[in-house]
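**Q** Predicted model and sequence below, questions to follow.
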Amino acid sequence: MAIDFSTTYMGLTLRNPLVASSSPLSHKVDTICKLEEAGIGAVVMYSLFEEQITLESQQLDYFLTHGTESYAEALSYFPDVGNYNVGPDEYLNLIRKAKETVDIPIIGSLNGVSAGGWVRYAKLIQEAGADGLELNVYYLPTDPDLPGAAVEDMTVDVVKAVRNEVNIPLAVKIGPFFSSIPHMAKRLAEAGADALVLFNRFYQPDIDIENLEVTPHLVLSTSDELRLPLRWTAILYGRVPVDLAITTGVHTYRDVLKGLMAGAKVTMMASELLQNGLGRIGQILQEMESWMMEYEYSSVQQMIGSVSQKNVAEPAAFERANYMKVLDSYPRMP
């Protein structure tokens with residue numbers, strides 16, 4: 001029995017639900033070709049950061065500079081653009097070359113916080129031939145006078161502004177810290193999002209206690225981190241009119257299957273491929289095929305949303321009602 005791995009994601013047809021999420025893997029066309037050869041279903045390009053766009057025009061957005069003591073000091077927090085990823089023009093050329101070279105969908109990625117820093121390059125990414133665009137809204141509010149509603153409005157305004165300027169499919173990658181994720185998901189869908197990507201990872205700084213310095217510290221994900229996006233994917237499935245993608249904690253074939261059953265159309269991975277190589281793509285697909293044959297699944301479509309909150313026998317398992325049950329299940333001290 002042949003397994004049909006195909007899926008659709010925000011209107012795009014993918015040969016399978018494995019997507020390479022935004023990472024250094026898409027920095028070169030040669031690597032994108034290798035991803036395609038390894039069997040990946042689609043590639044999300046490395047993010048073009050708003051800081052790169054604003055630095056190009058010698059301006060920093062209000063939300064970026066607010067609270068800093070000086071322009072020069074603010075610039076010191078960002079890596080040298082010449083040594084970090086590529087500039088805006090090179091980024092667009094990278095998309096063009098990728099589209100000329102591979103047949104799988106290429107999805108552009110913008111990382112920023114303000115409408116002004118996004119709209120122009122959203123249009124240019126579309127013109128470069130990208131099949132879709134992922135907006136990674138990465139904003140950490142630090143001002144005690146800035147209410148949560150203002151942060152939500154800012155995010156929705158960005159999506160509306162971009163949606164008004166581009167026609168290609170639009171995904172929004174959000175964090176898990178909104179007070180009501182379902183309501184925020186609904187607002188983003190109404191603003192024009194075709195898909196939601198759950199969740200971006202807010203990289204946490206570390207402290208060098210000897211030198212009294214704050215140091216960047218990148219930690220790759222593990223499968224344990226899958227549970228948070230898995231839960232919210234299962235809750236949102238069938239309740240918000242957008243496709244869902246899981247992008248944190250996807251490392252094994254079981255992670256992929258869990259994501260699909262929760263309601264994701266695609267599962268995105270980067271850490272696993274960076275740690276263990278592109279050969280993992282084929283291995284995961286083979287393991288998925290073996291499992292699906294054993295349990296008599298003929299297609300990916302059969303399992304999408306099958307264990308979502310909407311479809312399980314005990315929907316409270318995804319809610320607070322399960323909290324005491326989980327705690328009570330832990331072995332008691334003698």
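**A** Arrived safely.
**Q** C-alpha from now on. contacts and neighbour counts both.
**A** Will do.
**Q** Against which helices or strands is the helix or strand hosting Glu37 packed?
**A** Using DSSP states H and E, Glu37 falls within helix 29-38. Under the contact definition 3 or more Cα pairs under 8 Å, 6 or more residues apart in numbering; DSSP states H and E, helix 29-38 sits against helix 88-101, helix 279-294.
**Q** Figure out which of these is closest to Glu37.
**A** Ranking the helices and strands packed on helix 29-38 by proximity to Glu37 (Cα to Cα) places helix 279-294 first, at 9.5 Å.
**Q** pull the CA atoms of the closest one into PDB?
**A** Written as PDB, here are the backbone C-alpha positions of helix 279-294 (Å, rounded to 0.1, in the frame of the first residue of the first chain):
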ATOM      1  CA  GLY A 279      19.700  12.600   6.300                       C
ATOM      2  CA  ARG A 280      17.200  12.700   9.100                       C
ATOM      3  CA  ILE A 281      14.600  13.900   6.700                       C
ATOM      4  CA  GLY A 282      14.500  10.600   4.800                       C
ATOM      5  CA  GLN A 283      14.800   8.600   8.000                       C
ATOM      6  CA  ILE A 284      11.800  10.300   9.500                       C
ATOM      7  CA  LEU A 285       9.700   9.800   6.400                       C
ATOM      8  CA  GLN A 286      10.600   6.100   6.300                       C
ATOM      9  CA  GLU A 287       9.700   5.700  10.000                       C
ATOM     10  CA  MET A 288       6.400   7.500   9.400                       C
ATOM     11  CA  GLU A 289       5.700   5.200   6.500                       C
ATOM     12  CA  SER A 290       6.400   2.100   8.600                       C
ATOM     13  CA  TRP A 291       4.200   3.400  11.400                       C
ATOM     14  CA  MET A 292       1.300   4.400   9.100                       C
ATOM     15  CA  MET A 293       1.400   1.000   7.400                       C
ATOM     16  CA  GLU A 294       1.300  -0.800  10.700                       C
END
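**Q** Tell me which other helices or strands that helix touches.
**A** helix 29-38, helix 253-262, helix 271-276.
**Q** and the helix holding Glu37, how far from the chain's centre?
**A** The chain centre lies 20 Å from the centre of helix 29-38; the measure is Cα atoms, centre = their mean, to the nearest Å.
**Q** That helix: what's the following helix or strand?
**A** Next element after helix 29-38 (DSSP H and E): strand 42-44.
**Q** returning to what we had before: tabulate the helices and strands packed on helix 29-38 in JSON lines, adding columns for distance to Leu124, mean pLDDT and mean neighbour count.
**A** Converted to JSON lines, the helices and strands packed on helix 29-38 look like this (distance: least, Cα to Cα, whole Å; pLDDT from 0 to 100; neighbours: other Cα atoms under 10 Å):
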{"stretch": "helix 88-101", "distance to Leu124": "7", "mean pLDDT": "95", "mean neighbour count": "17"}
{"stretch": "helix 279-294", "distance to Leu124": "31", "mean pLDDT": "98", "mean neighbour count": "17"}
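**Q** quick one, which of those is nearest to Phe177?
**A** Short answer: helix 88-101, nearest of the helices and strands packed on helix 29-38 by Cα to Cα, at 29.5 Å.
**Q** who does the closest one touch, helix- and strand-wise?
**A** helix 29-38, strand 106-112, helix 119-127.
**Q** Low-confidence ranges, the protein, go.
**A** Along the chain, the model assigns pLDDT under 70 to residues 1, 50-87, 113-115, 117, 320-330, 332-334.
**Q** shouldn't Asp224 be in contact with His251?
**A** No: the criterion here is Cα atoms under 8 Å, and Asp224 misses it with His251 at 9.7 Å.
**Q** More neighbours: those two, which one.
**A** For Asp224 versus His251, neighbours defined as other Cα atoms under 10 Å are more numerous around His251 (24 against 12).
**Q** how about the residue lying closest to that one once chain neighbours are set aside, what does it touch?
**A** Once flanking residues are discounted, His251 sits nearest to Glu272: 5.3 Å by Cα to Cα, 6 or more residues apart in numbering. The neighbours of Glu272, taking Cα atoms under 8 Å, 6 or more residues apart in numbering as the test, are 250-251, 280.
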